[in-house]
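**Q** Sequence plus predicted model, see below.
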Amino acid sequence: MTESAAGQAAAAVLAERDAIQANLLELDGGFTRRLLDGATLTGQTRERWGAASATLAGLWETYLAYSGVVDRVAELGVGPHRPAKKDLPELDSLLTGACVQLARAAVPLARRNLSDPGVRAVTLMSAVAAMRRSFSEVAEVTSAVETVWAQVNERLDAAEAGLSAGLPGAAGLGEEVAAALRDAQASLQAARDEVNADPLGLLTGGRVDTSAADLVREQVAGLTARIAELDLVRSQARHRIDGLTAAVAAARAARADAVTAWQRAAQRIAGLPPLSPDIAEPSLDGLAALASAGRWPALATELDRCDAVLAAAVQQTEECERSAAAGLAHRDELRGLLGAYKAKAARLGLAEDADLVAGYDQARDLLWTAPCDLTAAAAAVAGYQRAINATTTREGGRR
């Protein structure tokens, strides 16, 4: 080599060593590596990290031997007035020759050569290639662990945050909620223990199995919603009980009006659907007792039941009132039709037709008789209309 070429080669080797050192320090001091070293690992993670740890230790051994040679290269080839012409042979040997001394793998004594020094010499390039392979093996394991931890812990952290947010409102909500909280906390801890002990056991074909963490998050979401619901029941207990009392009173007043309307319609229309049942009185004393005892889940259930019963009763009352109004409206519609058909008969000169007069009288008697049989009246009006049409056709044929 010329002095210039040797100096450039030495500078390149030194820069490469500095980059390798920086990456090794980052890998060795990384958070993931420190967690794995401090954790009690199981399953696939214990197996793979055990192998990766041994690879990392060997990587450092190779690096130290390699770095010692690079230090000598830097001493001879880098700096003012370097390299000197007299140092070129040694520098060339260091840069291209097998000068990195690495320990061989342990060989059983019975198979060992007496003169074997237990080391092997490789070039700087070969040492770097070996370190690259080892670095990739270790980084692949830590990267896979980081991927699993990121995806699973994102879900578990969300579940834990939900639990923390729900805890203040859970105090005093009763044993049901307390037991559910203990179950959720146990599920969360179990999922954390699993992902901390064997994260690689949750990685299959490059895909992370987050099902356990998803179940925990769903469990916590359901629990926090229940806590919020019961906390609202607790804060609004008196208001809801008073509101239920007022709603029952309003429903009873509405039913009284509906009964009056139904009775009035029943005097005029036959065959109306029966009256809706009376509005049941909720057990207000029982609701108050549940609130006083702090039995919020039971109170919430009972209030919801009372609300549902009242809503069903109100709907029945409204249907009863609608049926009464519909009966009267149908009767009035039939009366209007009958009058229109009579006017049509008069315009056609059929006002004195005996059969038509009889049909009209029958329909009118039904419609103006109380209570009115709507089915019979509708049939009579329809028969009167057909009779008019038939008579019109017949008279037209005669002409």
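**A** Alright, I've got the coordinates.
**Q** What's the first helix or strand after the one helix or strand residue 222 maps to?
**A** Under the criterion of DSSP states H and E, residue 222 resides in helix 211-235. Next helix or strand after helix 211-235 toward the C-terminus (DSSP H and E): helix 237-268.
**Q** Which strands or helices does that next one pack on?
**A** helix 284-292, helix 296-347 (3 or more CB pairs under 8 Å, 6 or more residues apart in numbering; DSSP states H and E). For the C-beta atoms, the positions are set from N, CA and C on the backbone; glycine is no exception.
**Q** Taking helix 296-347 as reference, get the angle to that helix.
**A** Here helix 237-268 runs at an angle of 20 degrees relative to helix 296-347 (axes from the mean of the first three to the mean of the last three CA atoms, to 10 degrees).
**Q** ok, now how distant is the residue nearest the centre of the chain from residue 181?
**A** In the chain, the centroid-proximal residue (CA atoms, centre = their mean) is residue 218; its distance is 6.5 Å. Residue 218 sits 15 Å away from residue 181, going by CB to CB, to the nearest Å.
**Q** repeat for residue 370
**A** Residue 370 is 67 Å from residue 181, by CB to CB.
**Q** cool, residue 166 as well?
**A** Look at residue 166 and residue 181: by CB to CB, they are 8 Å apart.
**Q** Looking at residue 370 and residue 181, which one has more neighbours?
**A** residue 181 (19 against 10; other CB atoms under 10 Å).
**Q** which residues does the more buried one contact?
**A** 163, 167, 170, 223 (CB atoms under 8 Å, 6 or more residues apart in numbering).
**Q** So it lies in a strand, does it not?
**A** No: counting by DSSP: H, G, I helix; E, B strand; the rest coil, residue 181 falls outside a strand, being helix.
**Q** Check it and give its pLDDT.
**A** We have a pLDDT of 92 for residue 181.
**Q** next one: residue 118
**A** 62.
**Q** One more: residue 110?
**A** At residue 110, pLDDT is 60.
**Q** what do you get for residue 91?
**A** 91.
**Q** Might you report the residue contacts of it?
**A** 1, 6, 10, 73, 76-77, 83.
**Q** Skipping its backbone neighbours, what lies nearest residue 282 in space?
**A** Distance criterion CB to CB, 6 or more residues apart in numbering; nearest residue to residue 282, sequence neighbours excluded, is residue 306 at 4.5 Å.
**Q** isn't the one you found right next to residue 241, touching?
**A** No: counting by CB atoms under 8 Å, residue 306 sits too far from residue 241 to count as a contact (9.3 Å).
**Q** list the contacts for residue 262?
**A** Residue 262 sits in contact with 272, 275, 320-321, 323-324, where contact means CB under 8 Å, 6+ apart.
**Q** got those residues as a markdown table, with pLDDT, neighbour count and distance to residue 286 columns?
**A** Rendered in a markdown table, the data for the contacts of residue 262 read as follows (pLDDT from 0 to 100; neighbours: other CB atoms under 10 Å; distance: CB to CB, whole Å):
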| residue | pLDDT | neighbour count | distance to residue 286 |
| --- | --- | --- | --- |
| 272 | 89 | 19 | 36 |
| 275 | 85 | 16 | 28 |
| 320 | 90 | 22 | 29 |
| 321 | 90 | 20 | 31 |
| 323 | 92 | 17 | 34 |
| 324 | 92 | 24 | 35 |
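**Q** Output the residues you listed in CSV, with distance to residue 332 appended to each entry.
**A** Shown next, in CSV, are the contacts of residue 262 (distance: CB to CB, whole Å):
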residue, distance to residue 332
272, 15
275, 22
320, 19
321, 17
323, 15
324, 13
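**Q** Can you show me the strands along the stretch 1-150 of the chain?
**A** Along the stretch 1-150 of the chain, counting by DSSP state E, counting those that start in this stretch, strands occupy 100-103, 119-122.
**Q** of all the ones you listed, which gets the most neighbours per residue?
**A** Of all those, strand 100-103 carries the top mean neighbour count, a mean of 18, counting by mean count of other CB atoms under 10 Å.
**Q** ok so, going back, which residues are in contact with each of residue 166 and residue 181?
**A** What both residue 166 and residue 181 touch, as defined by CB under 8 Å, 6+ apart, is the set residue 223.
**Q** Residue 173 belongs to a helix?
**A** No: judged by three-state DSSP, residue 173 forms no part of a helix; its state is coil.
**Q** residue contacts, residue 60?
**A** 24, 28.
**Q** gap between residue 169 and residue 292?
**A** Taking CB to CB, one finds residue 169 at 20 Å from residue 292.
**Q** right, I mislabeled it, should have said residue 220
**A** If you measure residue 220 against residue 292 using CB to CB, the figure is 31 Å.
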